[in-house]
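A.B. asks: structure for the following, please:
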Amino acid sequence: MNIHTGRYTASQHDRQSRLLWTLTAVVIINVPHFLHVPPWVTATLIAACLWRYLLEVRKRKLPSAWVRVPLVFAAFAAVLASYRGISGIEAGSALLIIMLALKLLETKQSRDLTVVTLIGWFLMFSVLLREQEMWAIPYILLGSGLALAALIQTRRAGPVLKPAILLRQTAVIMLQAAPIMIALFLLFPRIESPFWALPTAGSSARTGLSDTVNPGDISSLSQSDAIAFRVTFDGAVPPPADRYWRGPVMGYFDGRQWSWGDRGLRASTAQRSSAEEPVYTYELTLEPHGRQWLLALETPLNWSDEKAFLTLDLQLIASQSIGQRIAYQARSQPRAPSTRSELPRYLGAMKFLPQNSNPKTLQLARQLRSESVSDSDFIDKVLSKFRTEEFFYTLTPQRLGANPVDEFLFGSREGFCEHYASALAVMARAAGIPSRVVTGYLGAEQNPLADYWIVRQSDAHAWTEIWLNRRWVRVDPTAAVAPERIEYGLEEALSDADITVGRAIMGTTLISQALLSWDLVNAYWNRWVLAFGPEAQQLLLGSIGIKEPSKQHLIIFMIVALSIIIAILAWYLRVSITPVNDPVRRYYDEFCRRLQKAGLIRRPDEGPATFSSRVGQQRPDLRAEVGIITHSYLQLRYENFENNAAQTDFISRVKRFRPRQRKG
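C.D. replies: Now for the predicted structure:
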């Protein structure tokens with residue numbers, strides 16, 4: 001501490017503390033990125049943090065440019081090699097983390113630490129480009145708090161603050177900023193979708209449904225409790241037997257695997273509704289799955305997404321891959337009548353079976369066909385076989401080989417919905433009847449805490465569609481083997497062997513209620529934060545009497561609201577920092593008045609330390625005494641230095657201070 005000028009010189013302890021706060025903030029901010037970037041990126045950042053701190057503790061010089069510049073080029077090349085480019089969320093995040101790590105190796109001044117903190121702040125908010133779940137709230141609060149605390153420490157003119165005082169100041173600043181944040185969130189003109197909701201690598205890994213179906217795929221998926229989508233019905237709710245949510249239609253079979261045969265052909269006319277069947281209106285909030293299909297209750301009549309269209313096989317297709325959570329409204333009617341005749345060429349394709357594949361199944365189908373009087377009678381015979389013979393419905397079927405339908409029907413006789421749907425479709429084709437496998441979801445769980453329904457990946461299902469009487473008819477063979485699955489859900493259809501300890505625990509009342517409560521919080525987070533778009537903004541403002549404001553009106557409202565908030569904050573800060581019976585401030589003012597009488601006037605824009613330095617230059621004879629008084633004042637006033645003896649000494653020095661005006 002330079003007492004003679006009143007200037008502050010950071011001690012070794014202060015420099016280490018400031019660096020440690022910055023490094024802690026940097027590491028905590030980047031923790032979510034560590035789960036997605038290559039391990040060498042994480043290791044590089046941790047190593048750079050440790051290296052920089054050890055250099056500070058041991059008072060060693062920072063690496064020279066001859067070391068840093070090659071590291072920059074090597075890091076850039078490594079990112080380029082890992083991602084085959086530097087664009088995109090993953091590659092961009094990795095490159096920024098590496099640049100941040102290398103920036104640490106040239107931090108000399110507080111300005112450098114400030115830059116590091118600001119880069120870390122950017123990386124923290126870039127996490128929202130990848131993840132927008134509820135955990136983002138505590139993460140953003142913790143990351144913002146640490147970054148702000150590091151910024152306060154690095155920008156201070158005096159010694160570092162004690163942790164308790166620092167955290168209190170950080171919390172106060174964040175609370176003061178909260179009204180501005182809320183006003184910007186509510187009033188800033190919204191775009192159609194959040195700018196951060198970009199498709200990310202790995203989104204398809206969370207899909208659930210795929211564009212192919214192999215034996216065992218859906219049974220594996222059904223062991224996941226992840227949310228597939230949420231539904232809010234406007235009016236009546238369909239009974240369990242009608243809760244079929246239509247997804248990809250599998251039309252091509254290679255002997256083992258069914259594939260999604262999206263023809264991309266739009267239905268020329270909308271589906272007709274029937275006066276005899278109920279129509280269900282609902283809003284569906286779909287989780288990202290990385291492909292173009294939309295889920296809809298069978299059979300969709302109309303929908304709110306103007307760019308989406310219905311194909312000839314009644315798949316609802318979006319204009320682009322679903323890389324973000326979306327919400328849309330739709331109307332559907334189970335067993336809606338067909339409005340067209342199918343193309344003969346397509347019906348021929350729906351009879352295709354590869355040669356030398358599943359020969360036993362083909363032989364059985366031809367035998368049953370010869371005993372049947374019609375296509376419907378044949379299907380009934382196949383279903384009766386599933387119903388009366390020893391077939392088992394299980395989540396853990398045996399692995400099947402090159403002829404999976406043969407091995408299932410004549411060997412294991414145990415399977416999940418895709419096994420039965422595939423077997424029925426293959427046997428129908430062997431009998432010359434067009435058929436296809438449809439995948440989607442069956443069921444929905446109501447959240448009793450709110451008016452919406454949850455469809456999980458465990459509700460994934462596959463069924464068969466058969467061309468009967470010149471129309472496609474849904475035939476679900478699972479109903480013949482495990483009717484409880486249709487009426488009561490998956491849990492009721494499983495055997496005791498399929499009920500694992502984890503599934504049993506999750507099914508207890510206490511855990512189930514806790515999970516539904518947490519899902520309710522997530523649902524509100526999704527609707528009122530992540531999906532807070534133009535419609536939600538209009539709805540919210542309309543509830544307070546602002547009907548359909550234009551973007552210009554929103555900007556005006558936002559400016560007015562921010563002006564009012566800033567004015568209130570300015571008034572509060574002015575009142576809160578106004579000294580009331582503050583002897584330190586009062587005696588410092590007296591100190592300045594005595595210097596003014598000696599011809600040394602403090603300018604309005606001049607801080608105590610700067611004023612002390614100028615006085616020392618103009619009056620060397622006063623430098624020591626003015627420096628001591630100024631240093632004591634700075635400690636008592638700005639550095640939370642609470643010491644009665646120091647305050648008494650300061651007041652005593654000011655009382656004895658009698659500067660004389662320089663003669664001549």
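
A.B. asks: run a quick neighbour tally on Asp211.
C.D. replies: Residues lying near Asp211 (other CB atoms under 10 Å) number 18. In this view, the C-beta of every residue, glycine as well, is placed from N, C-alpha and C.

A.B. asks: got a list of what it touches?
C.D. replies: Pro248, Ser259, Trp260, Arg291 (CB atoms under 8 Å, 6 or more residues apart in numbering).

A.B. asks: of those, which is the most crowded?
C.D. replies: The residue in those with the most neighbours, by other CB under 10 Å, is Pro248 (26 neighbours).

A.B. asks: wait, a helix at that residue?
C.D. replies: No. Per DSSP: H, G, I helix; E, B strand; the rest coil, Pro248 lies outside any helix segment and is strand.

A.B. asks: beta partners for the nearest residue to it once chain neighbours are set aside?
C.D. replies: The shortest distance from Pro248 to any non-neighbouring residue, by CB to CB, 6 or more residues apart in numbering, is to Trp260 (4.4 Å). When assigned by DSSP bridges, Trp260 has beta-bridge partners Met250.

A.B. asks: look up how far Leu104 lies from Trp260.
C.D. replies: Between Trp260 and Leu104 the distance is 49 Å, computed by CB to CB, to the nearest Å.

A.B. asks: still on that earlier bit, test my guess that the residue nearest to Pro248 contacts Gly247.
C.D. replies: No. Contact criterion CB atoms under 8 Å: Trp260 and Gly247 do not qualify, at 9.1 Å.

A.B. asks: and the end-to-end length of stretch 408-425?
C.D. replies: One end of stretch 408-425 sits 14 Å from the other (CA to CA, to the nearest Å).

A.B. asks: report the buried residues of it.
C.D. replies: Using 16 or more other CB atoms under 10 Å as the test for burial, stretch 408-425 gives 408-409, 412-425.

A.B. asks: among these, which are in helices?
C.D. replies: Counted as lying in helices by DSSP state H, out of the buried residues of stretch 408-425, are Cys417, Glu418, His419, Tyr420, Ala421, Ser422, Ala423, Leu424, Ala425.

A.B. asks: contacts only, for the third one.
C.D. replies: With contacts taken as CB under 8 Å, 6+ apart, His419 has the following neighbours: Pro215, Pro397, Pro404, Phe408.

A.B. asks: pLDDT, secondary structure and distance to Pro334 added to these, as a markdown table?
C.D. replies: A markdown table is the format used below for these (pLDDT from 0 to 100; DSSP: H, G, I helix; E, B strand; the rest coil; distance: CB to CB, whole Å):
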| residue | pLDDT | secondary structure | distance to Pro334 |
| --- | --- | --- | --- |
| Pro215 | 76 | coil | 28 |
| Pro397 | 75 | coil | 29 |
| Pro404 | 89 | helix | 31 |
| Phe408 | 88 | helix | 29 |
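
A.B. asks: redo these as JSON lines? Include distance to Glu590.
C.D. replies: Converted to JSON lines, the contacts of His419 look like this (distance: CB to CB, whole Å):
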{"residue": "Pro215", "distance to Glu590": "91"}
{"residue": "Pro397", "distance to Glu590": "90"}
{"residue": "Pro404", "distance to Glu590": "95"}
{"residue": "Phe408", "distance to Glu590": "97"}
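
A.B. asks: which two from the contacts of Asp211 end up farthest apart in space?
C.D. replies: Taking CB to CB as the measure, the contacts of Asp211 span a maximum distance of 13.2 Å, between Ser259 and Arg291.

A.B. asks: how about Val231, secondary structure?
C.D. replies: Look at Val231: counting by three-state DSSP, its state is strand.

A.B. asks: kindly state the beta-bridge partners for it.
C.D. replies: Using DSSP bridges, the bridge partners assigned to Val231 are Leu284, Trp453.

A.B. asks: from Leu314, how far out is it?
C.D. replies: For Val231, the distance to Leu314 - CB to CB - is 19 Å.

A.B. asks: quick one: which of those two has more around it?
C.D. replies: More crowded of Val231 and Leu314, by other CB under 10 Å: Val231, with 22 against 19.

A.B. asks: and the more buried one, what pLDDT?
C.D. replies: Val231 carries a pLDDT score of 92 in this model.

A.B. asks: my read: it touches Leu284, true?
C.D. replies: Yes. Counting by CB under 8 Å, Val231 does reach Leu284; the two are 5.2 Å apart.

A.B. asks: fine by me, thanks again.
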